[in-house]
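What would the 3D arrangement of this be:
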Amino acid sequence: YRLGIGFGTHDTSASLLRDSTIVAAVEEERLSRQKRTTAFPARSIAYCLDSQNISSDDLDAIALPIDPREYAKTIAYICDQSSVIQAAEQARYAATVLNAIDPTVIVQTLGLPVTKARQVRFYRHHLAHAASAYYPSGLARAAVLVIDGVGESDTITVFRGQDSELHFVCGSHFPHSLGKLYSAVCRYLGFSGHSKEGTVMGLAGYGTPCYTAEFRSLIRWDGILPRIEPTAIAFGITPLQPSIVGEEFLRLFGRSRREGELLTQHHINIAASLQAFLEDTLLRIAKGVRELTGEVALCYAGGVALNCSANRHLHEARIFNSVFIPPAANDAGLSIGAAYLSLVEDGRDEFQNSYSVSPYLGVGFDSQEILQAAAEYGLQSQRVSSPAKVAARLLASGEVIGWVQGRCEIGPRALGNRSLLADPRRSDIKDILNALIKKREDFRPFAPSVLSEMVGDVFERSDDSPFMLDAYLVRAEWRDRIPAVVHVDG
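Model (predicted):
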């Protein structure tokens, strides 16, 4: 058994490999109820071990997706660029992380003797992202692309995967970060906090990308990789220091929108232009990766790989014959990648494409646990012989259903085991879900769930998208039939 511990960033998680198969993986937020938590994933670790009825004594390796030395160097760089107060906050945060991942502390946390500290392995953040995409893909060779905010000092990295090896090809480093640029513009538009990139991606559909030239002026190209102009963005690297736009950005676009302030067409067009800029930049990077590596398949991970609209353009451009994005392309998947890397380090090179079977690797509940939970919250419960038929009747009558079955998903998307279900034929259901249940902006879209044999009938593509990481154009004849899941851009 090999335990992966995703820590030192947001979306902390744990995963467990038995031989070469992922048998458990869960994000700490699923158990702590703290969205995008940075906390040490103690609950997730306990679940992974309990799911296989093992203890920490049964572990052959403990793997973490962070390089302590490189992480410390990057924090030191940030402190040099920060005010005295900010530098002190960054240093305290970094010291907490570095202390928690000390091998002696790790094994003591797991209840192991200090002599087991040699089992603890460390791997770079971007290498773990690459491993989380490549090793479960089932591909014997592929180009591997990682784009996120920052991991240690890495922001974009290209690898070539061949058999069990991942070879570094090229990369860019902090502060040249597309992920941080996108986050900074989200904050400029008045959307602060976690996961607002999806908000701006949804908003972009309502706008006109009339400022793409201005966004392109913020970068220059170094080979196949973009470099951000230093006056465009003031980057943060830890959760304590968010990225914000810089003087050049404000000169181009004017003052930022305050949270709660009127959202104008100017702001909406900036969102549309940001999204179009990201899509164009991603395609240029992908073309460079194809030429540089000569590979016909791509594995893609990192937080930016969650951008469904950009992924649609990547698939439709046909730069690669196939593109694989794992369900936990964000930092929640780092524990999986780290566990795989420990397997490779020990000379094991057999892999099973577990994602082709199921992304459902988290906590499940039996009937008795469900009945007990219902009783605790004063809810009525009823056993039915055909839950699907009962649910279909409720949906057809206009009800919204919370659907729970099996083990929970790994990654940020609700893929049917922990999902809200509603009738897509109702034009008002999107507003109801956003206002009363999700409590979020009214322009946020929802995804449909479609039988695989009907994909080509409903959409202008017929390939599968099992992890909700792609956006499909709906055929014209279907748009009025399922208005609740058709975004303003189709």
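
Was I right to think Arg444 contacts Lys438?
Yes - in this structure, Arg444 sits in contact with Lys438. The criterion is C-beta atoms under 8 Å, and the distance is 7.2 Å. Heads up, the C-betas are built off the backbone N, CA and C, glycines and all.

These two - which one has more neighbours?
For Arg444 versus Lys438, neighbours defined as other C-beta atoms under 10 Å are more numerous around Arg444 (16 against 13).

what's the closest non-adjacent residue to the more buried one?
Once its chain neighbours are removed from consideration, Arg444 has its nearest residue in Gly202; the separation is 4.9 Å (C-beta to C-beta, 6 or more residues apart in numbering).

any idea of the pLDDT on the one you found?
Gly202 is assigned 94 on the pLDDT scale.

packing partners for the helix or strand in which it is found?
Gly202 belongs to helix 197-204 when assigned by DSSP states H and E. If contacts are counted by 3 or more C-beta pairs under 8 Å, 6 or more residues apart in numbering; DSSP states H and E, helix 197-204 sits against helix 178-188, helix 265-293, helix 308-316.

7 Å - rerun?
Counting by 3 or more C-beta pairs under 7 Å, 6 or more residues apart in numbering; DSSP states H and E, the packing neighbours recorded for helix 197-204 are helix 178-188, helix 265-293.

got these as TSV, with mean pLDDT, distance to Gly223 and mean neighbour count columns?
Formatted as TSV, these follow (pLDDT from 0 to 100; distance: least, C-beta to C-beta, whole Å; neighbours: other C-beta atoms under 10 Å):
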stretch	mean pLDDT	distance to Gly223	mean neighbour count
helix 178-188	93	15	25
helix 265-293	98	7	20
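
Please name the residues that touch the residue lying closest to Tyr123 once chain neighbours are set aside.
Closest residue in space to Tyr123, ignoring its immediate chain neighbours: Leu341 at 4.7 Å, by C-beta to C-beta, 6+ apart. For Leu341, the residues meeting the contact criterion (C-beta atoms under 7 Å, 6 or more residues apart in numbering) are Ala63, Tyr123, Leu127, Ala128, Ala131.

For the last one, what are phi and psi?
Phi and psi for Ala131, reported as degrees, to the nearest 10, are phi -60, psi -40.

again with Arg2
Arg2 adopts backbone torsions of phi -130, psi 130, taken as degrees, to the nearest 10.

and what of Phe168?
Phe168 adopts backbone torsions of phi -70, psi 140, taken as degrees, to the nearest 10.

what kind of secondary structure is the nearest residue to it once chain neighbours are set aside in?
Setting aside the residues directly before and after it, Phe168 is nearest to Phe159 in space (C-beta to C-beta, 6+ apart), at 5.9 Å. The three-state label for Phe159, taken from DSSP: H, G, I helix; E, B strand; the rest coil, comes out as strand.

Which residues belonging to the helix or strand hosting Ala143 are considered buried?
Taking DSSP H and E as the criterion, Ala143 maps to strand 141-151. Residues of strand 141-151 classed as buried by neighbour count (16 or more other C-beta atoms under 10 Å): Ala142, Ala143, Val144, Leu145, Val146, Ile147, Asp148, Gly149, Val150, Gly151.

which secondary structure elements does it contact?
helix 125-134, strand 154-162, helix 178-188, helix 265-293, strand 297-301.

Note down every partner strand of it and its orientation.
Paired strands of strand 141-151, with direction, are strand 154-162 (antiparallel), strand 297-301 (parallel) (DSSP bridges).
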